[in-house]
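Visitor: following is a predicted model, sequence given first.
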Amino acid sequence: MELHITGDPAADKLLSEDDFALLTGMLLDQQVTMESAFAGPEKIRTRIGSLKPEAIAAHDPQAFVEMFKERPAVHRFPGSMAARVQALAEAVQNDWGGDAAAIWTQGNPDGAEVLRRLKALPGFGDQKARIFLALLGKQRGLQAPGWQEAAGHYGEEGAFLSVADIVDPESLVKVRASKQAAKAAAKKAKG
């Protein structure tokens, strides 16, 4: 299934074809726009010539940070996010044999187990793991029993709460509106 998240055909093609790219995009999705975060893996691949976990994990950390800083920057926080991407690559390489898809396929895990595995990854807290699980279920054909329940409200059909629900420009607008409403409600609740 082809993803349409970034508005950049090359970046979306990479996300559609490379599971580690999608995982990396999700990792980068904080304090930047979704489009910018998910375009990050294509920038990395173009600049270092590979998006293989093994290559990223072995890359010189300082050189990796400098690559993150090149314009247009991979992320607005190049130091911390470059380190997180390398830590993620190392975990996928060491724990999953370099195969990101093994996280959600190896041993035919149920949704709760996939969620547990995602939360064990560097940089993936509960919310990020649930959103990524919903993305796998809604757009990547994940059939793990109970994935919707494990994803929580992100797994609901027609929710338009996250990147998991973006399939075209119209759905992007709906997701943006729901995120803005959630931020406004949170701000109001704080007083």
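Guide: Sure thing, it's come through.
Visitor: low-confidence stretches in this structure?
Guide: In the prediction, the chain carries no residues with pLDDT under 70.
Visitor: centroid-nearest residue for it?
Guide: Most central in the chain under C-alpha atoms, centre = their mean is residue 26, positioned 1.4 Å from the mean C-alpha point.
Visitor: which residues touch it?
Guide: Counting by C-beta atoms under 8 Å, 6 or more residues apart in numbering, residue 26 makes contact with 37-38, 124, 128, 131-132, 135, 163. The C-beta positions use only the backbone N, C-alpha and C, and glycine is treated the same way.
Visitor: now those residues as a markdown table including neighbour count and distance to residue 63?
Guide: Listed next are the contacts of residue 26 as a markdown table, based on neighbours: other C-beta atoms under 10 Å; distance: C-beta to C-beta, whole Å:
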| residue | neighbour count | distance to residue 63 |
| --- | --- | --- |
| 37 | 23 | 22 |
| 38 | 28 | 23 |
| 124 | 22 | 25 |
| 128 | 18 | 27 |
| 131 | 23 | 31 |
| 132 | 30 | 28 |
| 135 | 26 | 30 |
| 163 | 24 | 29 |
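Visitor: the residues you listed in strands, which ones?
Guide: Using DSSP state E, no member of the contacts of residue 26 sits in strands.
Visitor: could these go into CSV alongside distance to residue 66?
Guide: Conversion of the contacts of residue 26 to CSV gives the following (distance: C-beta to C-beta, whole Å):
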residue, distance to residue 66
37, 20
38, 22
124, 25
128, 26
131, 30
132, 28
135, 30
163, 28
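Visitor: distance of the nearest residue to residue 65 once chain neighbours are set aside from residue 26?
Guide: Here the nearest residue to residue 65 in space, its sequence neighbours aside, is residue 82; by C-beta to C-beta, 6 or more residues apart in numbering that works out to 4.4 Å. Note on residue 82: its distance to residue 26, by C-beta to C-beta, to the nearest Å, is 16 Å.
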